[in-house]
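[1] the amino acid sequence is not available; the structure is as follows:
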């Protein structure tokens, strides 16, 4: 039966990546009658016998679509495909070789306004102040969250992100991999080292104009966003409250605020850059006031007066603090008001800051870094 090689698609995708400055050859290898784990093993076995140009490396990922192979530091796809196919045929396999395509998001995302986004900070196994530091005094970038909560996060993301009528992928600082509900959690786990920078599971349906994403970064940072045409921003914000409650025991803090929907992060917030560098403060301070936030008792002890807020105990030492009327914080009249700092109302924000008091990280505290 042999192999069906979609040379045109492999050439096109490789050329596209090369023009973007990424000398990478991405392949999807599907073997007839072979499951994804066995396919990945077979492809790895063949590649281990192939002589590659110095500096070229490869990694194989088992996906529902087939073994996704990423060759790095090369664009010479023919020199890779030909020995790979020959090696598989010698071993008695037949199938197909093509290249995965990326989600087509540019036009869709460009048209989207900022959306309510859930920003979470998971508890770290090793406090950031105890991590090794670089020459600038910044702690080493690593995911750093305990296995229990990591597994829970990846499984929940795999259940929530994929849209029934959409396409899903894992992407970020590492390879871009096609994903399905059946393999998304496993692929996220394999790519977790890239959470030191950025790891994203997202799904889009251009037909229904829907989008979902979970973005994972170093020091237990997670951002979760969705675009749902049938839901108001207030409804979108409120839809994340069950997620906060479910993950509360593993969190130090969580807030809901507006951000652009493509790859949001804590850096998207107004004090985001300095707030992230002061990761040590997250269990006792907030970057600013928000309409919805999950806080610890250390946070609450620093507050001036929360009598005007809805404060609900979610679990041991975790409290959900919400504004009495979420419309004041999430029913944006227009993007201009938000961009110009007129939404939420400056008077509302000023009063909220007085309520939160010393819970809000001071300018002096934000001038420091993680050490």
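    Alright, I've got the coordinates. For clarity, every value in this text was computed on a predicted model and none was experimentally measured.
[2] for the rest of this, base every contact and every neighbour count on C-alpha atoms.
    Fine.
[3] what lies in contact with the helix-or-strand element of the chain with minimal mean pLDDT?
    Evaluated with mean pLDDT, DSSP states H and E, the helix-and-strand set of the chain has its lowest mean pLDDT in helix 106-110, which scores a mean of 79. Contacts with helix 106-110, where a contact means Cα atoms under 8 Å, 6 or more residues apart in numbering, come from 206, 209, 261, 262.
[4] in it, which residues are buried?
    Of the residues in helix 106-110, those scored as buried under the neighbour-count criterion (16 or more other Cα atoms under 10 Å) are residue 109.
[5] and the helix or strand residue 187 falls within, which residues are buried?
    With secondary structure defined by DSSP states H and E, residue 187 is part of helix 184-190. Neighbour counts over helix 184-190 (16+ other Cα under 10 Å) mark 184, 185, 186, 187, 188 as buried.
[6] list just the nearest of those residues to residue 353.
    Distances from residue 353 to the buried residues of helix 184-190, taken as Cα to Cα, are shortest for residue 188 (37.8 Å).
[7] ok, the closest one - contacts?
    Under the criterion of Cα under 8 Å, 6+ apart, the contact partners of residue 188 comprise 154, 170, 199, 201.
[8] gap between it and residue 213?
    According to Cα to Cα, to the nearest Å, residue 188 stands 13 Å off from residue 213.
[9] and what of residue 44?
    Separation of residue 44 from residue 213 (Cα to Cα): 30 Å.
[10] correct me, but residue 187 touches residue 64?
    No. Contact criterion Cα atoms under 8 Å: residue 187 and residue 64 do not qualify, at 10.4 Å.
[11] what residues are bridge-paired with the residue nearest the centre of the chain?
    Per Cα atoms, centre = their mean, the C-alpha nearest to the average position across the chain is that of residue 215, at 1.2 Å. Residue 215 has the following beta-bridge partners by DSSP bridges: residue 200, residue 223.
[12] residue 321 belongs to a strand?
    Yes. Counting by DSSP: H, G, I helix; E, B strand; the rest coil, residue 321 is located in a strand.
[13] dump the residue contacts of the closest residue to it other than its chain neighbours.
    Of all residues beyond its chain neighbours, the one nearest residue 321 is residue 311 (4.6 Å), with distances taken as Cα to Cα, 6 or more residues apart in numbering. Residue 311 makes contact with 319, 320, 321, 322 under the criterion Cα under 8 Å, 6+ apart.
[14] just put those residues in TSV and tack on pLDDT.
    Written out in TSV, the entries for the contacts of residue 311 read as follows (pLDDT from 0 to 100):
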residue	pLDDT
319	98
320	98
321	98
322	98
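[15] identify the farthest-apart pair in these.
    Across those, the longest distance by Cα to Cα is 9.6 Å; it joins 319 and 322.
[16] show me what contacts the residue nearest to residue 195 when sequence neighbours are not counted?
    In space, residue 195 comes closest to residue 217 once its chain neighbours are excluded; the distance is 4.5 Å by Cα to Cα, 6+ apart. Under the criterion of Cα under 8 Å, 6+ apart, the neighbours of residue 217 are 143, 195, 196, 197, 198, 199, 265.
[17] which phi and psi does residue 217 have?
    phi -140, psi 180 (degrees, to the nearest 10).
[18] mean confidence for the helix holding residue 187?
    In this model, helix 184-190 carries a mean pLDDT of 95.
[19] and stretch 275-293, by the same measure?
    Mean pLDDT, computed over stretch 275-293, is 96.
[20] what does it contact?
    Contacts to stretch 275-293, defined as Cα under 8 Å, 6+ apart, come from residues 121, 127-129, 138, 219, 252-257, 266-267, 271-272, 295-299, 320-323, 326, 329-330, 349, 352-353, 356, 358-361, 366, 368-370.
[21] ok so, going back, please say which of residue 44 and residue 213 ends up with more neighbours.
    Taking other Cα atoms under 10 Å, residue 44 and residue 213 do not tie; residue 213 has more neighbours (27 against 18).
[22] can you classify that one as helix, strand or coil?
    strand.
[23] once you drop chain neighbours, what's closest to it?
    residue 202 (4.1 Å).
[24] tell me where the model's unsure across this structure.
    Residues of the chain that meet the criterion pLDDT under 70 lie in 1, 369-371.
[25] can I see the domain layout of it?
    Domain assignment of the chain by automatic domain parsing yields the ranges 3-98, 106-366.
[26] and of the contacts of residue 311, the nearest to residue 245?
    Out of those, the one with the shortest distance to residue 245 is residue 320. That distance is 8.1 Å, counting by Cα to Cα.
[27] and the gap between the closest one and residue 243?
    Using Cα to Cα, we find residue 320 at a distance of 12 Å from residue 243.
[28] now swap in residue 60 and tell me
    With distances taken as Cα to Cα, residue 60 is found 32 Å from residue 243.
[29] where along the stretch 101-250 of the chain do the helices fall?
    106-110, 147-160, 184-190, 233-239, 241-247 (DSSP state H, counting those that start in this stretch).
[30] ok now the fourth one, how far from the chain's centre?
    Here the centre of mass of C-alpha atoms in helix 233-239, compared against the chain's by Cα atoms, centre = their mean, to the nearest Å, lies 20 Å away.
[31] next one: the second one
    Its chain's average C-alpha position is 12 Å from that of helix 147-160, according to Cα atoms, centre = their mean.
[32] check which helices and strands it sits against.
    Counting contacts by 3 or more Cα pairs under 8 Å, 6 or more residues apart in numbering; DSSP states H and E, the secondary-structure elements packed against helix 147-160 are helix 184-190.
[33] filter the contacts of stretch 275-293 to the buried ones?
    Neighbour counting over the contacts of stretch 275-293 (16+ other Cα under 10 Å) leaves 121, 128-129, 138, 219, 252-257, 266, 295-296, 299, 320-323, 326, 329-330, 349, 352-353, 356, 358-361, 366, 369-370 as the buried ones.
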